[in-house]
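Colleague: model this:
(chains A and B)
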Amino acid sequence: MAEIQALFHGFSVAFTPFNLALMMAGILMGVLIGVLPGLGGANGVAILLPLTFAMANQPGGATSAIILLSCIYWGALFGGAITSILFNIPGEPWSVATTFDGYPMAQQGRAGEALTAAFTSSFVGAFIAVLMITFLAPLVAKFALRFGPREYFAVYLLTFCSFIGMTKSPPSKTLAAMMLGFALAAVGQDSMTGALRMTFDQVVLFKGFDFLIAVIGLFGIGEILITLEEGLAFKGMQGKINMKVVMQTWKQLPKYWKTSIRSSVIGCWMGITPGGATPASFMGYGVAKRMSPNGANFGKGEMEGVVAPETAAHAAGTSALLPMLTLGIPGSPTAAVLLGGLLIWGLQPGPLLFQEKPDFVWGLIASMYLGNIAGLIVVLTTVPLFAAVLRIPFSIVAPVILVICAIGAYTVHNSMFDVWMMLVFGVVGYVFKKLDYPLAPLVLAIVLGDRAEESFRQALLGSGGNLATFFDNALVGSITALALAMLFWGPIKLVFSRLTGR
Amino acid sequence: MDEASDKPAASVRAADLWTAVILFVIGCIVIKDSLRLGAKWGDSGPESGYFPFYIGMLLCASSVANFLLAWFKRRHETFVSKESFKGVVSVFVPTVVYVGLIGGVGPVPGLGIYVASAVFIACFMRLLGKYGWGTTAGVALGVPLAFFLLFEKWFRVPLPKGPLEALLGLA
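Modeller: Down below sits the predicted model:
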């Protein structure tokens, strides 16, 4: 078992006092980010990314930096549940489904139970996903060594087609958002010929749009504008957790093992194919409602209704790192930001990373185990603290968050133009969100646009312009076919249900 | 919420139609620039505009679909009510002013991020939150100071500074 050995080596890398301290700091910051409106996993990590530049330059520092950032991510995943259950306000999109049963439980005075159930199932989901990463990632990486440009393009195609097939937004809106992302990615210098594209002689546009700015604007500013509109009256339930409640809840949880396993599988699948945590949580909830004997009670404060979406969301959020590490293709906006970090630190994600930087990869994987254990302990003990943060009036929190976003956008390239762009993206985020244009494909298209184009052109160069190259052999052909199946998933499902329904 | 404040400032339909039109125009710009660069198969493979050309085409096509969907669906729900819109504008406009204050606009020099943040937070709390001077001053001075220590001292990430920092010899 080479993986086990590598993993233990990873533990020895991750298990230093400095890294453990970073883990705790990351989790605490992450929960805070997850709790505050307008700051979420993706833009929170994006804002804090520049702080790691200096850290990553030291020997072994990249591992510490990714541990810090990934723990912020785990923390944000945990934190979303707190606001959902206590305040009926999803702190993160993936915790919307948690409000369905979590808030009724809190109203019945069972907030402690709901929180314990949410945190524990988050932990279970993440743990299963990390186990999967541990054993699957090296295999995928080894397999991907055989990938050439056309295989890569096929995988990119699969990524984007699954968005169209899997997101709940209308396909034409998903496509429009995605193409806007690709168009933004194309601005600036063409990486292959050096020609300037869509810059219109504006010097500020020469280096193109940075997706980190887009993330901070779309998710940060846009989110705050939406929050303001709803005129947040933070009237929350009291959330107290003591050991007795935790123990009682833990005794009940094993009953729901089937739901946990189902949700984990859904989550892992949705995380690897870039469905992301949000649809995974809804799917987890929906499937549990249909399959569970208590399904009729869902929505009235059923603990299983908290377990199902939380497990799926965490499993998806965690497994989104698998394609990021092995192929360099992130499965979620937050994974995309982490990928951006890797690139800035001078690490090239992809199959070679496992061979060239085993310390980094296995240190990160080991830190996922440790970080989630630390996360569970931290959230179980600090809920009252974060509930108090939420009681700070919005007219104090909002300007501070806006200041943080501005600082975050500025530090990416030390450029004021970026801060202005952040405002523009903020308006785009606000409008898109209200009109049901999905933001994740837009962000991923900005991140992956250049590389998708590069692999597309290289593949065509190899074949002399013949598109049939994407069906040339079994490997690339099956990926492309799968991509097309995902693209037409909606109609396929419809036909299928008609056929079986009659 | 009373009826008067619930009046729509814009309907979903109008917002949908306008968004589709704007995206269509962006698509056209992309196509136009791709054609300028050359969107065909050149001597050394695909030209610079080859890939973006199709991106622009797909953007235009999907925008047309979105436009038609919105046109025929006739959804008249409120996109944003007047009251909510006022709330959004009352925060967005100060934020724009804030960004202008940081770096300055045109020939006018900026105040730097710390002073601008203090002014922004103070105005926000006084005008929108109706806080007393004490609380306002505490948060408005404390937060930028904390960020100053965090960024300039600990992480050594320099942020934009203005005349005040220059006066204090910190720039």
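
Colleague: in contact with residue A:487, which residues are there?
Modeller: By Cβ atoms under 8 Å, 6 or more residues apart in numbering or on different chains, residue A:487 lies in contact with A:161, A:164-165. No exception for glycine: its C-beta is placed from N, CA and C like everyone else's.

Colleague: which of the residues you listed sits closest to residue A:259?
Modeller: residue A:165 (25.4 Å; Cβ to Cβ).

Colleague: which strand or helix spans the closest one?
Modeller: helix A:149-166 (DSSP states H and E).

Colleague: for chain A, what's the nearest residue on chain B?
Modeller: At 2.9 Å from chain A, residue B:129 is the closest residue in chain B, using Cβ to the nearest Cβ.

Colleague: okay, stretch A:30-42 in CSV with CA atoms only?
Modeller: Taking C-alpha atoms only, stretch A:30-42 is exported to CSV below (Å, rounded to 0.1, in the frame of the first residue of the first chain):
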residue,chain,number,x,y,z
GLY,A,30,-13.1,30.1,7.8
VAL,A,31,-16.0,29.7,10.3
LEU,A,32,-16.0,33.5,10.7
ILE,A,33,-16.1,33.9,6.9
GLY,A,34,-18.8,31.3,6.6
VAL,A,35,-20.9,33.0,9.2
LEU,A,36,-20.6,36.6,7.8
PRO,A,37,-22.9,37.5,4.9
GLY,A,38,-20.9,38.5,1.9
LEU,A,39,-17.9,36.6,2.8
GLY,A,40,-17.8,33.0,1.7
GLY,A,41,-15.4,30.1,0.9
ALA,A,42,-14.5,31.3,-2.5
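
Colleague: off-centre distance for it?
Modeller: Distance, stretch centre to chain centre, for stretch A:30-42: 13 Å (Cα atoms, centre = their mean, to the nearest Å).

Colleague: ok, back up a step: quick check: closest non-adjacent residue to the residue of chain B closest to chain A.
Modeller: residue A:395 (2.9 Å; Cβ to Cβ, 6 or more residues apart in numbering or on different chains).

Colleague: who are the packing partners of the helix or strand harbouring that neighbour?
Modeller: In the assignment (DSSP H and E), residue A:395 maps to helix A:394-413. Contacts defined by 3 or more Cβ pairs under 8 Å, 6 or more residues apart in numbering or on different chains; DSSP states H and E place helix A:394-413 against helix A:41-48, helix A:211-215, helix A:222-229, helix A:416-434, helix B:82-103, helix B:113-123, helix B:133-148.

Colleague: can you add distance to residue B:36, mean neighbour count and mean pLDDT and give the ones you listed back as CSV?
Modeller: Formatted as CSV, the helices and strands packed on helix A:394-413 follow (distance: least, Cβ to Cβ, whole Å; neighbours: other Cβ atoms under 10 Å in any protein chain shown; pLDDT from 0 to 100):
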stretch, distance to residue B:36, mean neighbour count, mean pLDDT
helix A:41-48, 33, 29, 85
helix A:211-215, 25, 29, 88
helix A:222-229, 32, 23, 82
helix A:416-434, 24, 21, 92
helix B:82-103, 32, 18, 87
helix B:113-123, 39, 23, 92
helix B:133-148, 44, 16, 91
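
Colleague: nearest to residue A:448, out of these?
Modeller: helix A:211-215 (9.3 Å).

Colleague: CA atoms of the closest one as CSV?
Modeller: Taking Å, rounded to 0.1, in the frame of the first residue of the first chain, the C-alpha atoms of helix A:211-215 are listed here in CSV:
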residue,chain,number,x,y,z
PHE,A,211,-10.5,35.6,-11.8
LEU,A,212,-9.7,36.4,-8.2
ILE,A,213,-11.1,39.9,-8.7
ALA,A,214,-14.1,38.4,-10.3
VAL,A,215,-14.6,36.0,-7.4
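
Colleague: all helices of the stretch 151-300 of chain A, in order?
Modeller: For the stretch 151-300 of chain A, helices defined by DSSP state H, counting those that start in this stretch occupy the ranges A:171-186, A:211-215, A:222-229, A:243-252, A:257-272, A:277-291.

Colleague: mind putting those helices in TSV, distance to chain B included?
Modeller: Shown next, in TSV, are the helices of the stretch 151-300 of chain A (distance: least, Cβ to the nearest Cβ, whole Å):
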stretch	distance to chain B
helix A:171-186	4
helix A:211-215	13
helix A:222-229	4
helix A:243-252	34
helix A:257-272	24
helix A:277-291	20
